[in-house]
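> Coordinates for the following, if possible.
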Amino acid sequence: MSYFMDLTWKESFKDIIDVLIVSYIIYKVLNMVRGTRAVQLLKGILVLVLIWAFATILDLYTLKWLMNQIYTFGVFAIFIIFQPELRRGLEQLGRGKFFGRGAENDEEVGKLVGEVIKAVNYLSHRKIGALIVFERATGLNEYTESGIAMRSAVSSELLINIFIPNTPLHDGALIMQGNQIAAAACYLPLSENPFISKELGTRHRAAIGISEVADSVSVVVSEETGQISLAINGQIVRDIKEESLISKLYQELSASSPLKEKGSAFWKRKGDKRDE
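Numbering: from 1, shown residues only. Sure, this is the predicted structure:
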């Protein structure tokens, strides 16, 4: 108690700044690994820490010795296991994105949406199937790792070429991260919702499935009908009109749009067919 009484206002202010900086770094690190395989690895590490604490409290000599041996080599193992996340974090730090919001400005979002709309309209008119997923707050690296890494700038021509039938990348989902194409031919989890229409195939179920496990936005082009659909929050709007699609994509991807906004009125717009 006397320690706190002896603190000056300068020392208190310094301690507050210290705690805030460390808290922010931890927050950014957790955001960076959220939605990736690193989450499961962190859970495994937490289990080992709990076992070590249990052995220490009960003074279990053999178990303590075993856990100490694990921790001796564990530090080196962490750098190997978390190599992709560490590399991505250092890249973001080098680009100045680690301490920023990481959201694109309105002009970049408008350009991105414009390229996507041109591509899906082309694919829709020719009944070429496509699935485009936009990453938001929840990371999708677990799924980009299942496909072919691209890290390419977005253009309607490239999007169209990726989904042309009988090409190496046409089968699977394309995942966007920020204003670039992260990967193509990615495998996504299929929704197991029993209330989904039987008319919907694997591509649509994958679009709904990824929106159930992450806060992503998915655009689907049906190869049977050419209809364009939009999946968000486990819901899908089939045969969405172009104006509604542009508005919703811009709203969800814009830096000024809250990620948690559900936009419930959007699902009630006339002319759009909704499936839950």
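> What residues are recorded as beta-bridge partners of Ala153?
Beta-bridge partners for Ala153, by DSSP bridges, are Gln180.
> Tell me the confidence at it?
Ala153 is assigned a predicted lDDT (pLDDT) of 92.
> Over to Lys273?
Model confidence at Lys273, given as pLDDT, is 51.
> I'd say Ser152 and Gln180 touch.
Yes - between Ser152 and Gln180 there is a contact at 6.2 Å, judged by Cβ atoms under 8 Å. In this view, the C-beta of every residue, glycine as well, is placed from N, C-alpha and C.
> what about the helices in the stretch 101-250 of the chain?
Counting by DSSP state H, counting those that start in this stretch, one finds helices in the stretch 101-250 of the chain at the ranges 106-125, 141-144, 156-163, 202-213, 242-253.
> Determine the set of other helices and strands touching the last one.
Spelled out, it's helix 242-253. Judged by 3 or more Cβ pairs under 8 Å, 6 or more residues apart in numbering; DSSP states H and E, helix 242-253 is in contact with helix 106-125, strand 130-134, strand 217-221, strand 228-232.
> Over to the longest one?
Contact here means 3+ Cβ pairs under 8 Å, 6+ apart; on that basis helix 106-125 packs against strand 130-134, helix 156-163, strand 217-221, helix 242-253.
> how about the residue nearest to Arg136 when sequence neighbours are not counted, phi and psi?
Nearest residue to Arg136, sequence neighbours excluded (Cβ to Cβ, 6 or more residues apart in numbering): Asp215, at 4.9 Å. Torsion angles at Asp215 (phi, psi; degrees, to the nearest 10) stand at phi -90, psi 30.
> How about the one 10 residues further on?
When read as degrees, to the nearest 10, the backbone of Thr225 gives phi -110, psi -20.
> Ile128 is in contact with that one, correct?
No - Thr225 is beyond contact range of Ile128, at 11.9 Å (criterion: Cβ under 8 Å).
> Looking at those two now, which is surrounded by more residues?
Taking other Cβ atoms under 10 Å, Thr225 and Ile128 do not tie; Ile128 has more neighbours (19 against 13).
> And that one, what's its pLDDT?
Reported pLDDT for Ile128: 95.
> now the helices and strands packed on helix 106-125 as JSON lines including distance to Tyr187 and mean neighbour count?
As requested, those are exported to JSON lines (distance: least, Cβ to Cβ, whole Å; neighbours: other Cβ atoms under 10 Å):
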{"stretch": "strand 130-134", "distance to Tyr187": "11", "mean neighbour count": "24"}
{"stretch": "helix 156-163", "distance to Tyr187": "15", "mean neighbour count": "18"}
{"stretch": "strand 217-221", "distance to Tyr187": "14", "mean neighbour count": "25"}
{"stretch": "helix 242-253", "distance to Tyr187": "23", "mean neighbour count": "18"}
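> want to try TSV for the ones you listed, with distance to Ala119 as columns?
Compiled in TSV, those are given as follows (distance: least, Cβ to Cβ, whole Å):
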stretch	distance to Ala119
strand 130-134	8
helix 156-163	4
strand 217-221	9
helix 242-253	12
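> I'd like to know which of the ones you listed is closest to Ser211.
Counting by Cβ to Cβ, Ser211 lies closest to strand 217-221 out of the helices and strands packed on helix 106-125; the figure is 5.9 Å.
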